[in-house]
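[1] generate a structure from the sequence data that follows.
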Amino acid sequence: MSTLQKMTGHQYLNGSKYDKAILAVGSCENHGFHLPFGTDTFVSSMLAEKVAAEVPDLLVLPPINVGVSEHYAHFPFTLTLRYETLIAVLKDIMTSVIKNGIKKIFIMNGHDGNIAPIEVAARSIKMEYPEAKIVSLDAWWVTAGKLLPANTFEVWDGLGHAGEGETSIGLALFPELIEMEHARGVVPNLPDSVDIKWNFAELTDCGATGDPTKATQEKGKLMEEVLVKAVVTFFKDMEECNWKYNSPQSAL
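    This next block holds a predicted model:
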C-alpha cells in the first residue's frame, strides 16, 4: 500500500508511477456514548487504504480529519469547519494533486455533512481542470445497505449515526476503540418522501440514531468486504475503458 504521509521523497520517485489518488474525508464529532469521535475519519481512511492495497498505482493521500459538523454541535466534543472552509480545503488539495501530475482523484467520504462541500469543490475543480477525473463515494453507509442482502440488518436498515451499521463496521475495523457496554440509540420519526433539515439534537438525546446494540463484527466485515470490492471493481472497470465514460456521441 502506498501512503503519501509515510513515504520519503526517494520512495515516491523510485516507487510506482502513481496516476491515481484516493482522499478520505472524515469528521471529529460525538458518536453516541460508545464510538470514538474520529469514527468517520477512521472508517473512510481505513477503507481507502484497503482499496489501495488492491489497486495498482493508487496513492493514499492524508485524510481530512475535520469536516462540516455544525449540525452535531449540541453534543460535545464537536470540531467543525465552515462549509466554505471545507470547500476551499478540498479544492486546494485536489489542485495540489493535479499539479503533481495525478489527475484521477477518488474521494472516500465518511460523514454526511461533507457531501455538499465535496460536490461544490469537485464541480469547481472540473471547471478549472476539465481533464481531471473526480469520483466520490458520498455515503458508504447507504451504499453498503444496497449491496448487502435485505435481511442483513435488524433495525432501520442498519442506518443511523453511530447506529447498527456504523457500529458494526467500527467493530470490524477498530474494535479496540469501542465501548459497546455504553451503546444506546433511538430511531427518529423521519418521513421517506421529503428531506428534513434537522440538527441532530432534534433526533436523539444520546448522540446516536438507529440501534447500535444490534451491531456485530460479522456484519461489519460484510460491509467492509462489499464496499472495498465495489470500489476496487470501479477502478478496474475504469482502467479497462481508459477512463472514457462519455457516450460515443460526445465530442469531449
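
[2] V142 sits in which helix or strand?
    helix 140-147 (DSSP states H and E).

[3] after that helix comes which helix or strand?
    Next along from helix 140-147, by DSSP H and E: helix 164-173.

[4] may I have that next one exported as CSV, CA atoms only?
    Only the C-alpha atoms of helix 164-173 are listed here, as CSV (Å, rounded to 0.1, in the frame of the first residue of the first chain):
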residue,chain,number,x,y,z
GLU,A,164,-26.3,-0.6,13.8
GLY,A,165,-24.3,-0.3,10.5
GLU,A,166,-21.7,2.3,11.6
THR,A,167,-21.1,0.5,14.9
SER,A,168,-20.8,-2.8,13.0
ILE,A,169,-18.1,-1.5,10.6
GLY,A,170,-16.3,0.1,13.6
LEU,A,171,-16.3,-3.3,15.3
ALA,A,172,-14.7,-4.8,12.2
LEU,A,173,-12.1,-2.0,11.7
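
[5] give the buried residues for the very next helix or strand once past it.
    Next along the chain after helix 164-173, taking DSSP H and E as the criterion, comes helix 217-240. For helix 217-240, the neighbour count (16 or more other CB atoms under 10 Å) marks 217, 219-220, 222-224, 226-228, 230-232, 235, 238 as buried. (C-beta placed from N, C-alpha, C; glycine too.)

[6] kindly report the same for stretch 197-205.
    Buried positions in stretch 197-205, judged by neighbour count with 16+ other CB under 10 Å: 200, 203-204.

[7] where in this structure is pLDDT low?
    Across the chain, the ranges flagged by pLDDT under 70 are 1, 249-252.

[8] cool, thanks, signing off.
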